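> Provided below for reference: sequence and predicted model.
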Amino acid sequence: MDTSELKAIVESLVFVSDTPLRPERIAEVIEVERGRVVQILRELETEYRQARRGFVLDEVAGGFQFRTRAEHVDWVRRLNKSRPFRFSRAALETLAIIAYRQPITRAEIEYLRGVDSGGVVKTLLDRHLVRILGKKDIAGRPMIYGTTREFLELFGLRDLTALPTLKEFSEIIPEVPDGEVGLASGEYPLAESGDEA
Amino acid sequence: MSYEIRIENFEGPLDLLLHLIKKNEMDIYNIPIADITAQYLAYIDAMKNLNLDVAGEFLLMAATLLHIKSRLLLPQAQEDEPEEEEEDPRAELVRRLLEYQRYKDAAVSLDSMPLLGREVYARRFPSPDLAEPEESGFEAVGLYDLVEAFRSILREAPPESFHEIDADQLSVTDRVSGILTLLESRESLSFRELFTGRPDRSEVVVTFLAMLELVRLKLVRLMQNSRFGAIWLYPAVPVEEAASLQVEEDSFGYV
């Protein structure tokens, strides 16, 4: 089989798959080694992007999938008569915490958010964006949570390392150049207590 | 002392504290505890005055703030021996606030990513659960929104003309099955779409009644994605089930 034929076959397999297709699976089907498949997929990825087609080949959740370009969203919505769904702030915050801090227990999530998060965690579980990874080996054996493959698919992430980098403290509070969080008590007067005399 | 209180939708006490710190341009590494505690308590009082249920977490944080404040008021050991420094009573709170701010930001950046089924599409959509109204920012439609929608459709209706006709009156029952048929081929239907062309007054009224009947029978749910936004009808039961429901002629008691 020459490369262009192989490429066309790989393309057709990705086309008919309704979830991101893993290179391993393609390799298994066409009986070609995985490295070759990945190389072909990368070529296709570049070709689609360069040709500025209506859709591109995206690497998501460990597989490959054809997806439309974000800039055409208005037209697609018009066709589908669909409205964008929206996450609640609670859901997004909790999802972010789980994504970056997994494996994490509910108590840890609640400490970070400062509020009860049972309901929102359950919603995320129901939506298959979060799953129970197991139980933590501490008193009470609380459940630990992590994100799912569907989470990666939804956010178009190759894997968890593709998550946007968390901002450092110093970027949030620009006045403190070294990002030092631990406070040295000598640094500030007890201004509000009026106890300086 | 009086503070201007705006009731906003805070995700929790940390969110509220961050808001107060930003609003007052306080230095997060040197929070004036007395000041922020006073403002925080004023906020909680305002919530109570509005008879809002103040969640326990807010009260817990109030206690934490007061505790920190009292510890700060205690005289500090005056010896200039920096190696024996105690941790500042505010330190843990500051760490939590900064950590929370990080995830708040992370949530925003996650939300700004092109999401499957929202900005980018594959040939199949992700689990339709994601489009479910509950968490997707849809709100149940209130009575006044319905009345307003009804009025705006009526405004477009042509003025009534008077001449003798033997019109084939549209019945509520007909419209009920009409709406169900429309919903069979669609996942949702906008309120506007129920009225095609230039419906006259009676058609608007009958259609509106039919829609209310469907809501009453729990066959249809009404949602809107923003206050005063478009109103959408969703089937509340699988459409096949609803369609198989035999609607008896004049079962609604309308003529």
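Looks like it arrived, so ask away.
> In chain A, what residue spans correspond to helices?
In chain A, the helices defined using DSSP state H lie at A:3-16, A:23-30, A:34-50, A:73-80, A:89-101, A:106-113, A:118-126, A:149-155, A:169-172.
> For those, please prepare a markdown table with the additional fields distance to chain B, mean neighbour count and mean pLDDT.
(Glycine included, C-beta is placed from N, CA and C.) Below are these laid out as a markdown table (distance: least, CB to the nearest CB, whole Å; neighbours: other CB atoms under 10 Å in any protein chain shown; pLDDT from 0 to 100):
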| stretch | distance to chain B | mean neighbour count | mean pLDDT |
| --- | --- | --- | --- |
| helix A:3-16 | 8 | 14 | 93 |
| helix A:23-30 | 17 | 16 | 95 |
| helix A:34-50 | 13 | 16 | 95 |
| helix A:73-80 | 5 | 12 | 91 |
| helix A:89-101 | 4 | 23 | 95 |
| helix A:106-113 | 6 | 19 | 94 |
| helix A:118-126 | 6 | 17 | 93 |
| helix A:149-155 | 5 | 22 | 95 |
| helix A:169-172 | 5 | 16 | 50 |
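> Redo those helices as TSV? Include distance to B:Ser152.
TSV is the format used below for the helices of chain A (distance: least, CB to CB, whole Å):
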stretch	distance to B:Ser152
helix A:3-16	45
helix A:23-30	53
helix A:34-50	45
helix A:73-80	23
helix A:89-101	31
helix A:106-113	41
helix A:118-126	34
helix A:149-155	36
helix A:169-172	45
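> Return the residues in contact with A:Leu112.
With contact taken as CB atoms under 8 Å, 6 or more residues apart in numbering or on different chains, A:Leu112 is in contact with A:97, A:101, B:96, B:99-100, B:103.
> For chain B, which segments are assigned as strands?
In chain B, the strands defined using DSSP state E lie at B:139-140, B:189-190, B:220-224, B:231-235.
> who does the third one touch, helix- and strand-wise?
Going back to what we said before, that points to strand B:220-224. If you count contacts as 3 or more CB pairs under 8 Å, 6 or more residues apart in numbering or on different chains; DSSP states H and E, strand B:220-224 packs onto strand B:139-140, helix B:201-216, strand B:231-235.
> Please identify the most buried of the ones you listed.
strand B:231-235 (a mean of 21; mean count of other CB atoms under 10 Å in any protein chain shown).
> what lines up beside that strand in the sheet?
Paired neighbours of strand B:231-235 in the sheet (DSSP bridges): strand B:189-190 (antiparallel), strand B:220-224 (antiparallel).
> what does the shortest one contact?
Right, the one you point to is strand B:189-190. With CB under 8 Å, 6+ apart as the test, strand B:189-190 has contacts from B:179, B:182-183, B:230-233.
> possible to save the helices and strands packed on strand B:220-224 as CSV with distance to A:Asp58 and mean pLDDT?
CSV is the format used below for the helices and strands packed on strand B:220-224 (distance: least, CB to CB, whole Å; pLDDT from 0 to 100):
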stretch, distance to A:Asp58, mean pLDDT
strand B:139-140, 33, 64
helix B:201-216, 41, 85
strand B:231-235, 30, 83
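> Columns distance to B:Glu148 on top of those, output as a markdown table?
Conversion of those to a markdown table gives the following (distance: least, CB to CB, whole Å):
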| stretch | distance to B:Glu148 |
| --- | --- |
| strand B:139-140 | 14 |
| helix B:201-216 | 12 |
| strand B:231-235 | 9 |
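> Pull up the residues of the stretch 151-255 of chain B that are close to chain A.
Taking CB under 8 Å from any CB of the partner chain as the measure of proximity, the stretch 151-255 of chain B contacts chain A at B:186, B:225, B:232.
> which one of those residues is nearest B:Pro114?
Lowest distance from B:Pro114 to these (CB to CB) belongs to B:Asn225, with 19.4 Å.
> State the distance from that closest one to A:Glu11.
Going from B:Asn225 to A:Glu11 by CB to CB, to the nearest Å gives 37 Å.
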